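In: predicted structure and sequence below. I'll ask about it afterward.
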Amino acid sequence: MGAHAPLGARVGAALLALLAAACGDTDPRPSITGFSEAQVRRALRMSPLPPAPADPTNAVADDSRAVALGERLFRDPRLSRDGDTSCASCHDLALGLGDGLARGRGEVPLARHTSSLWNLAGQRWFFWDGRADSLWAQACGVLESPLEMATTRTDLLHLVAGDPALRAPFEALFGALPAEVGAERFPRAARPVPPHDPALVDAAEHAREATGHQHLSADGGFIHPHQRAWDRMAPEDQEVATAALVGVAKALAAYERTLRSETAPLDRFVEAVRTGDPSGGGALPEGAVRGLNLFTGEARCHLCHSGPLLSDLEFHDLGLEPAPGFENDPGRHEGLDLLRVAEFRGDGAWSDDPEAGAARLAHLPEHGHGQREFRTPSLREVATHPPYMHTGALASLEEVVAFYSRGIGRRERPAPAERVIEPLHLTPAQEADLVLFLRCLTSSAAPPTLSAR
Ligand code: HEC
Ligand code: HEC
């Protein structure tokens with residue numbers, strides 16, 4: 001406080017200092033009425049949400065031109081093979097950036113629930129099973145997955161090169177495209193088809209049925225038409241097509257990085273606590289304060305849902321009932337194997353900083369780990385995107401809490417060796433408090449890139 005501060009302010013400050021000294025509290029540590037010190041520390045770590053960490057593997061991650069191009073692409077159904085599905089078809093803002101369904105609906109019913117895209121930039125691994133190590137690698141996967149967008153890199157090249165509204169911003173970010181993108185040099189529907197590709201597995205199945213060669217190898221000795229078209233291309237043209245896919249994916253990733261929560265009631269509560277108000281300034285209703293107490297204490301949710309995203313960014317098996325038809329979803333176990341052989345990784349040829357990418361990939365668990373484990377989702381904005389879990393089987397936050405409390409939705413008999421969490425047996429009032437707390441993690445306003453709409 002400067003010497004020129006008004007007299008009232010100076011007297012006020014002196015009074016406050018006197019009061020603090022009188023209470024023997026010269027170094028007031030934040031406290032919350034009814035919380036232990038450890039619980040207060042856990043609550044303080046939940047807020048504020050820091051800016052998205054940098055992604056050096058994507059040079060345009062924070063380029064506003066890439067954000068604008070990515071936003072346009074996110075809503076463009078021409079990114080899908082059938083021309084009627086965009087990213088926004090399944091990741092709809094009105095449905096919390098999810099689709100509101102139990103499990104995704106692509107070309108066929110998908111194995112898992114559609115993830116919400118809120119605050120993803122802070123995650124380490126992407127997809128429920130963590131099979132991608134960056135947002136742009138994730139997007140490369142969705143675009144060419146025969147189950148989702150089902151497009152190919154040559155089709156994307158034709159799209160971007162043929163539409164001036166896409167071509168100009170794309171070239172400004174990623175360099176010139178060939179003047180002519182003819183179907184001779186760049187056949188449509190061409191891409192490398194990896195051995196684990198669902199289209200290949202299906203097609204081999206058909207080939208086996210058609211030829212009666214039941215003992216054909218896993219790929220049936222069958223070359224997928226996309227691969228055949230790809231093999232006809234010159235290596236330098238293959239590079240151009242792959243660069244188109246990666247450019248589209250990096251712009252999409254730049255846009256996704258802006259899908260970031262604003263202030264939620266929890267943030268206002270923590271801010272008030274930090275500035276010395278043990279009641280949290282009334283930012284949370286009383287029931288939600290009790291819910292936070294449980295969350296950081298007796299119910300031990302903080303063991304996995306910690307920090308500003310309320311996620312440890314890691315993988316766990318909670319003992320959930322698997323989705324019908326997908327009883328053997330191996331989760332992280334398969335995610336690790338797919339990540340190991342992925343064409344697009346932070347340490348690969350298409351990364352803008354392979355060294356930084358390699359650091360993230362340095363300590364992957366050995367093959368065999370992670371059976372039935374799925375990534376802990378962030379709980380920010382959780383109330384906006386029911387249903388829940390990778391199975392989408394829990395319809396509401398009440399059902400999620402009933403799962404943790406009473407084991408409703410748990411697998412019949414988790415084997416004794418399986419480390420799954422045990423039901424907490426909370427009272428109905430405690431369950432209601434936890435639900436109320438989860439509802440206070442929704443921000444008051446949509447980010448500026450979204451609110452304009
Ligand atoms: C047909 C519906 C569908 C479409 C279209 C779709 N997605 Fe998804 N998305 C899903 C499903 C289902 C998952 C979860 C899959 C999994 O984890 O195995 C998912 C997961 C994701 C994730 C991972 C989220 C996380 O928490 O790790 C991102 C990022 C994503 N999608 C972005 C996109 C982008 C970008 C597009 C457009 C190129 C897109 N999606 C198109 C259904 C869809
Ligand atoms: C052992 C780690 C762990 C603990 C402890 C834990 N969670 Fe979770 N939580 C997870 C994982 C992992 C998932 C995703 C599981 C899946 O889909 O297979 C999840 C999912 C959720 C979801 C659904 C989010 C979504 O987007 O689908 C909510 C809500 C949730 N947890 C709340 C809680 C609450 C409340 C507690 C305390 C009662 C708690 N969790 C305790 C790891 C944990």
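Out: Great, that's in hand. Numbers count the residues shown, from 1 in each chain. Ligands and ions are numbered 1, 2, ... in the order given.
In: list the contacts for the residue minimising distance to the centre of the chain?
Out: The centroid of the chain falls nearest to residue 120 when counting by Cα atoms, centre = their mean (4.3 Å). Residue 120 sits next to 126, 135, 256, 257, 259 when contact means Cβ atoms under 8 Å, 6 or more residues apart in numbering. Every residue, glycine included, has its C-beta placed from N, CA and C.
In: next: residue 401.
Out: So residue 401 contacts 426, 431, 434, 435, 438 (Cβ under 8 Å, 6+ apart).
In: tell me which helix or strand the residue in the stretch 251-400 of the chain that ligand 1 sits nearest to sits in.
Out: Among all residues of the stretch 251-400 of the chain, residue 252 sits closest to ligand 1, at 4.5 Å; criterion: Cβ to the nearest ligand atom. For residue 252, the enclosing helix or strand under DSSP states H and E is helix 235-256.
In: buried residues in that helix, which are they?
Out: 237-238, 240-256 (16 or more other Cβ atoms under 10 Å).
In: residue 64: how many residues sit nearby?
Out: Residues near residue 64, counting by other Cβ atoms under 10 Å, number 10.
In: follow-up on the earlier one: which helices and strands does the helix holding residue 252 pack with?
Out: Helix 235-256 sits against helix 64-74, helix 135-144, helix 153-162, helix 164-174, with contacts defined as 3 or more Cβ pairs under 8 Å, 6 or more residues apart in numbering; DSSP states H and E.
In: let me have the ones you listed in CSV, adding mean pLDDT and distance to ligand 2 as columns.
Out: Output for the helices and strands packed on helix 235-256, formatted as CSV (pLDDT from 0 to 100; distance: least, Cβ to the nearest ligand atom, whole Å):
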stretch, mean pLDDT, distance to ligand 2
helix 64-74, 98, 20
helix 135-144, 97, 17
helix 153-162, 98, 30
helix 164-174, 98, 32
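In: need the winner for burial among those.
Out: helix 135-144 (a mean of 25; mean count of other Cβ atoms under 10 Å).
In: related to what we said a few turns ago, any idea how far the residue nearest to the centre of the chain is from ligand 2?
Out: As judged by Cβ to the nearest ligand atom, to the nearest Å, residue 120 and ligand 2 stand 12 Å apart.
In: contacts only, for residue 400.
Out: Residue 400 sits in contact with 388, 389, 394, 438, where contact means Cβ under 8 Å, 6+ apart.
In: thinking again about what came up before, quick one: which of the contacts of residue 401 sit in helices?
Out: 431, 434, 435, 438 (DSSP state H).
In: let me know the closest of those to ligand 1.
Out: residue 438 (17.7 Å).
In: excluding its backbone neighbours, what's nearest the closest one?
Out: residue 397 (5.0 Å; Cβ to Cβ, 6 or more residues apart in numbering).
In: residues touching that neighbour, list them.
Out: 382, 383, 386, 388, 435, 438, 439.
In: which one among those gets closest to ligand 2?
Out: For the contacts of residue 397, the nearest to ligand 2 is residue 388 (3.5 Å; Cβ to the nearest ligand atom).
In: if we can go back for a sec, overlap between the contacts of residue 397 and the residues near ligand 2?
Out: The subset of the contacts of residue 397 lying close to ligand 2, counting by Cβ under 6 Å from any ligand atom, consists of 382, 388, 438.
In: would you reformat those as a markdown table and include pLDDT?
Out: Putting the ones next to ligand 2 among the contacts of residue 397 into a markdown table (pLDDT from 0 to 100) gives the following:
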| residue | pLDDT |
| --- | --- |
| 382 | 97 |
| 388 | 98 |
| 438 | 98 |
